[in-house]
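*Asks:* task: produce atomic coordinates for the following.
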Amino acid sequence: MNEYFLQNERLGISTPNLQLEWDQYSEETQQSILLHWEKIRGRIPDRIAELEEIINRKQAQLSDEADFARSCELNSEIAELASIINDLWLWYRTNQDVTEKMHQ
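*Replies:* So this is what the prediction gives:
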C-alpha cells in the first residue's frame, strides 16, 4: 500500500497519494486502498487526542509563563497544533463518504 499512501509528517498519518483517476484502478485495488484508508482513518481520533494532550500541557505552561517571548512561542506552538487537529478532522470527515461507499 506504500505506493498509494505517503506519510505526512505534519499530520502524523499516511494520506492518499493516488497517481491515477479512481476508476482507473481495478476493483480489487480500490478495495485494498479503501481498507487501508479505513485503518488509517480509524486512528485519526487517537492522533487528535494525543495532540490535544500536548495542547493542554502547553496551555498549562503558558498560564505560568512570565517571559513574554516564551509566551509567544507557546501560543504559536498551540496554534500550529490546533491547525493540525483541524486538518486531521478535515481528512476524517471528507473521506467519510468514501468509507461509507466501501460498506455498501
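*Asks:* name the element L6 belongs to?
*Replies:* Element membership for L6, per DSSP states H and E: strand 5-8.
*Asks:* would you mark the buried spots in that strand?
*Replies:* Residues of strand 5-8 classed as buried by neighbour count (16 or more other C-beta atoms under 10 Å): F5. C-betas here are computed from N, CA, C, even on glycine.
*Asks:* partner strands of that strand, parallel or antiparallel?
*Replies:* Here strand 5-8 has these sheet partners by DSSP bridges: strand 13-16 (antiparallel).
*Asks:* now stretch 16-36 - C-alpha only, PDB.
*Replies:* Only the C-alpha atoms of stretch 16-36 are listed here, as PDB (Å, rounded to 0.1, in the frame of the first residue of the first chain):
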ATOM      1  CA  PRO A  16      -3.700   9.000   0.000                       C
ATOM      2  CA  ASN A  17      -1.300   9.700  -2.900                       C
ATOM      3  CA  LEU A  18      -3.200   8.300  -6.000                       C
ATOM      4  CA  GLN A  19      -1.500   8.700  -9.300                       C
ATOM      5  CA  LEU A  20      -4.400   7.700 -11.400                       C
ATOM      6  CA  GLU A  21      -8.100   8.500 -11.500                       C
ATOM      7  CA  TRP A  22     -10.100   6.300  -9.100                       C
ATOM      8  CA  ASP A  23     -11.900   4.500 -11.900                       C
ATOM      9  CA  GLN A  24      -8.500   3.500 -13.500                       C
ATOM     10  CA  TYR A  25      -7.700   1.200 -10.600                       C
ATOM     11  CA  SER A  26      -9.000  -2.300 -10.600                       C
ATOM     12  CA  GLU A  27     -11.900  -3.100  -8.200                       C
ATOM     13  CA  GLU A  28      -9.500  -5.300  -6.200                       C
ATOM     14  CA  THR A  29      -7.000  -2.400  -5.900                       C
ATOM     15  CA  GLN A  30      -9.800   0.000  -4.900                       C
ATOM     16  CA  GLN A  31     -11.000  -2.300  -2.200                       C
ATOM     17  CA  SER A  32      -7.400  -2.700  -0.900                       C
ATOM     18  CA  ILE A  33      -6.900   1.100  -0.900                       C
ATOM     19  CA  LEU A  34     -10.200   1.700   0.900                       C
ATOM     20  CA  LEU A  35      -9.400  -1.000   3.500                       C
ATOM     21  CA  HIS A  36      -6.000   0.500   4.200                       C
END
